[in-house]
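Q: No letters, just coordinates:
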């Protein structure tokens, strides 16, 4: 009877979003003041798709975001020339010229003052992103909540347009004992597919809400949480779940009382470890559970009547 009740509650959570829950952690009760808000990494999006950075990341200097020059020229379609300290980028009928260390630059021969000059860092040449983008005629918007630089269009794609729709069979071992979660509408037929995404696929639109980014955040007591930035405004927060390496389904509800509302964004928090693991399947070692033990992080939501699971490859491994 207890097992059936747990399955019913998990199914309701998937359909309606998890109720904000209070869970046990080493830090004691949760509060915003106990979370350490370290700066998020800056992301650059061109037409709502993230630019991939590897070893050289964007950084902020005097209120200007600087990025590797080859990244910006390649993604905005410019032809780049580097001669000593002189940088020339040509796109169509526009020619931009900058000099490393100089506070002025030219666009088609017209001199302009920069908030931050081009710079050389660890052998890489960085240029002010807004200046170059706007010189090419692109709109630029700084999103301080998400630390996003939006370039061009902001049409965020639907989840179905960026996710891979794959066979459910490889994921069935994770659902052993909770198979009913694959049939949340009680149709008598389990889901046959799953949506699979990666971190690079953020942001995306799901059921009318934008999902911008996931990040890890620490508390003063050392516990780890997932920080999720969305526009999801429902009073019942959307839950997450972990598909862990030991082939187990671990539910994670939004933490109670610490949701943030900032300039139209909603910031939700989810715990790494949760006492519900002890309640659901007797994991007495639940406090030591780590995100490194997770293969996929799922969103407890249904995008259509088929209710295919929504799974993101763990970006925190």
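A: All right, it came through fine. Fair warning: this is a prediction, and the values are worked out from it, not measured in the lab.
Q: mind listing the helices for the stretch 151-300 of the chain?
A: Shown for the stretch 151-300 of the chain, the helices assigned by DSSP state H, counting those that start in this stretch span residues 159-162, 276-281.
Q: want to throw the ones you listed into TSV with mean pLDDT, distance to residue 295 and mean neighbour count?
A: C-beta: built from backbone N, CA, C; applies to glycine. What follows is the helices of the stretch 151-300 of the chain, written out as TSV (pLDDT from 0 to 100; distance: least, C-beta to C-beta, whole Å; neighbours: other C-beta atoms under 10 Å):
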stretch	mean pLDDT	distance to residue 295	mean neighbour count
helix 159-162	96	19	15
helix 276-281	94	16	18
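Q: Please tabulate the ones you listed in CSV, including the columns distance to residue 36.
A: CSV is the format used below for the helices of the stretch 151-300 of the chain (distance: least, C-beta to C-beta, whole Å):
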stretch, distance to residue 36
helix 159-162, 30
helix 276-281, 24
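Q: so which of those helices comes closest to residue 198?
A: helix 159-162 (9.4 Å; C-beta to C-beta).
Q: Name the residues that touch the closest one?
A: Under the contact criterion C-beta atoms under 8 Å, 6 or more residues apart in numbering, helix 159-162 has outside partners 195, 197, 201, 204, 205, 206, 303, 310.
Q: and which of the residues you listed is nearest to residue 76?
A: Lowest distance from residue 76 to the contacts of helix 159-162 (C-beta to C-beta) belongs to residue 201, with 21.4 Å.
Q: give the contact list for the closest one.
A: Counted by C-beta under 8 Å, 6+ apart, residue 201 has contacts 162, 163, 312.
Q: residues in contact with residue 176?
A: residue 247.
Q: Now do residue 158: how many residues are near it, please.
A: Residue 158 has 12 neighbours, counted by other C-beta atoms under 10 Å.
Q: Quick check, pLDDT for it.
A: Confidence at residue 158, expressed as pLDDT, is 97.
Q: Test of understanding: give the bridge partners of it.
A: residue 205 (DSSP bridges).
Q: Quick check: the gap between it and residue 128.
A: Separation of residue 158 from residue 128 (C-beta to C-beta, to the nearest Å) stands at 33 Å.
Q: again with residue 249
A: 47 Å.
Q: between these two, which one's more packed in?
A: Between residue 249 and residue 128, counting by other C-beta under 10 Å, residue 128 is the more crowded of the two (24 against 21).
Q: From residue 226, how far out is that one?
A: 32 Å.
Q: again, but for residue 163
A: 19 Å.
Q: ok, now residue 103?
A: 41 Å.
Q: Next: residue 139.
A: In terms of C-beta to C-beta, residue 139 sits 31 Å off from residue 226.
Q: of these two, who's got more company?
A: Counted by other C-beta under 10 Å, residue 139 and residue 226 do not tie: residue 226 has more neighbours, with 21 against 11.
Q: what's the closest non-adjacent residue to that one?
A: residue 270 (4.4 Å; C-beta to C-beta, 6 or more residues apart in numbering).
Q: Contacts only, for that neighbour.
A: Residues counted as contacts of residue 270 (C-beta under 8 Å, 6+ apart) are 225, 226, 228, 239, 240, 252, 253, 254, 255.
Q: same question, residue 163
A: Residue 163 touches 195, 196, 197, 201, 204, 310, counting by C-beta under 8 Å, 6+ apart.
Q: if we go to 6 Å?
A: Applying C-beta atoms under 6 Å, 6 or more residues apart in numbering to residue 163 gives the contacts 195, 197.
Q: next one: residue 171
A: Residue 171 neighbours (C-beta under 6 Å, 6+ apart): residue 194.
Q: Thanks a lot, catch you later.
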